[in-house]
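Student: okay, sequence plus prediction incoming.
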Amino acid sequence: MKNCTLIIMAAGLGSRYGGGIKQLEPVGPDGEIIMDYSVYDAVAAGFDKIVFIIRHDIEKEFRERIGDRISKHVNVQYVFQETDDIPEAHKKILRKKPWGTCHAVLCAKEAVREPFAVINADDYYGRQAFRELYAFLTSERPASDRLQLCMAGFILKNTLSDNGSVTRGICRVDEAGKLVGITETYNIRREGGRVLSGKTETLEVDENSHVSMNMWGCPPEFMETLEEKFEEFLCENDESETAESLLPIMIDGLLKNGEAECTLLESRDRWFGVTYKEDKQAVTDSIAALIREGVYPEKLWK
């Protein structure tokens, strides 16, 4: 099997890790949190290294809560995202807000020399997406002057919450299965048997649309492009207290200017996440159902 790394963006988790942070509450019968299932599925698919992007102030709690347990089963590394971890020339203001997901992934540059996938820490993606990404990232493809990226495309109806509206990146795909663009769409919810979006102007959305859940696959050379684009972002925004460089927006720009092409890999697994407090029980029930179906053992790591 070929080397492939999973990067998990967890630096946005609260400083009181495990102290009431809804995304980190146990959802499995042996105290597992959502990240446990992502790592389990990734390892089963062939990923052989996990890189956690965290902050220094949550390192101790993070290791105790999940890192030490996971490291018994797969190679684990830690990198740290801090608001002041940017080139000295751009440290013009004291930022409290992180610089975004592009900055987060770039923090892992020195830890990654192989193809890699990127996911959020608090989303459940399902086994199919990890298998699809691993197969793409480790396959031989013709040489190209464009970066060869991939993205797990979920079906919109499989990513909705029963407890409120969500924001999703709705994908546009060409006949060859290549991602053409992503439209960030807000306030998506079920209403009267339909899927709607918007507040002031309500639009109906096709529930079978492909959506991005921030699950990307990249070759190692992507890090060089990411560094270049983040530098451009800082040149324009290094005096902003709120501007963020976001991975979907940056990749969308690469697609539009011809620097990359991105293959959409469809997953029909259901996405779970704790967007609302009420979602936690639904996630717990869904994990329990998957255990009954034999998808996961009752005690994941034992």
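Tutor: Here it is on my side, so go on.

Student: V112 is in contact with I53, isn't it?
Tutor: No - assessed by C-beta atoms under 8 Å, V112 is found out of contact with I53, at 10.9 Å. In this view, the C-beta of every residue, glycine as well, is placed from N, C-alpha and C.

Student: so which of those two has more stuff around it?
Tutor: Shown here are V112 and I53; by other C-beta atoms under 10 Å, I53 has more neighbours (25 against 19).

Student: spatially, what comes nearest to Y40 if we skip its sequence neighbours?
Tutor: Closest residue to Y40 apart from its sequence neighbours, by C-beta to C-beta, 6 or more residues apart in numbering: L300 at 5.6 Å.

Student: the one you found: which element?
Tutor: Element membership of L300, judged by DSSP states H and E, is empty: it is in no helix or strand.

Student: I figured it hits V27, correct?
Tutor: No - L300 is not in contact with V27 according to C-beta under 8 Å; the separation is 10.9 Å.

Student: circling back: and for V112 and I53, which residues touch both?
Tutor: Listed contacts common to V112 and I53 are I7; contacts here mean C-beta atoms under 8 Å, 6 or more residues apart in numbering.

Student: more crowded one of L300 and V27?
Tutor: A count of neighbours by other C-beta under 10 Å puts V27 above the other of L300 and V27, at 25 against 19.

Student: look up how far P87 lies from that one.
Tutor: Distance of V27 to P87, computed by C-beta to C-beta, to the nearest Å: 39 Å.

Student: likewise R268?
Tutor: R268 sits 42 Å away from P87, going by C-beta to C-beta.

Student: likewise for K49?
Tutor: Taken as C-beta to C-beta, the span from K49 to P87 is 27 Å.

Student: E59 too?
Tutor: Distance of E59 to P87, given as C-beta to C-beta: 24 Å.

Student: which of the two has more residues huddled nearby?
Tutor: E59 (15 against 11).

Student: buried residues in the host helix or strand of that one?
Tutor: Using DSSP H and E, E59 sits in helix 59-62. Using 16 or more other C-beta atoms under 10 Å as the test for burial, helix 59-62 gives 61-62.

Student: and G28, its phi and psi?
Tutor: phi -110, psi 160 (degrees, to the nearest 10).

Student: show the contacting residues for it.
Tutor: Contact analysis of G28 by C-beta under 8 Å, 6+ apart lists 36-37, 284, 287, 291, 296, 300.

Student: what's the closest of the residues you listed to G169?
Tutor: Set against G169, the nearest of those by C-beta to C-beta is Y37 (22.5 Å).

Student: nearest residue to that closest one in space, please, no chain neighbours.
Tutor: Of all residues not flanking Y37 in the chain, Y124 sits nearest, at 5.8 Å (C-beta to C-beta, 6+ apart).

Student: for T275, see how far away that neighbour is.
Tutor: Taken as C-beta to C-beta, the span from Y124 to T275 is 12 Å.

Student: which of those two has more residues huddled nearby?
Tutor: For Y124 versus T275, the count of surrounding residues by other C-beta under 10 Å is larger for Y124: 24 against 18.
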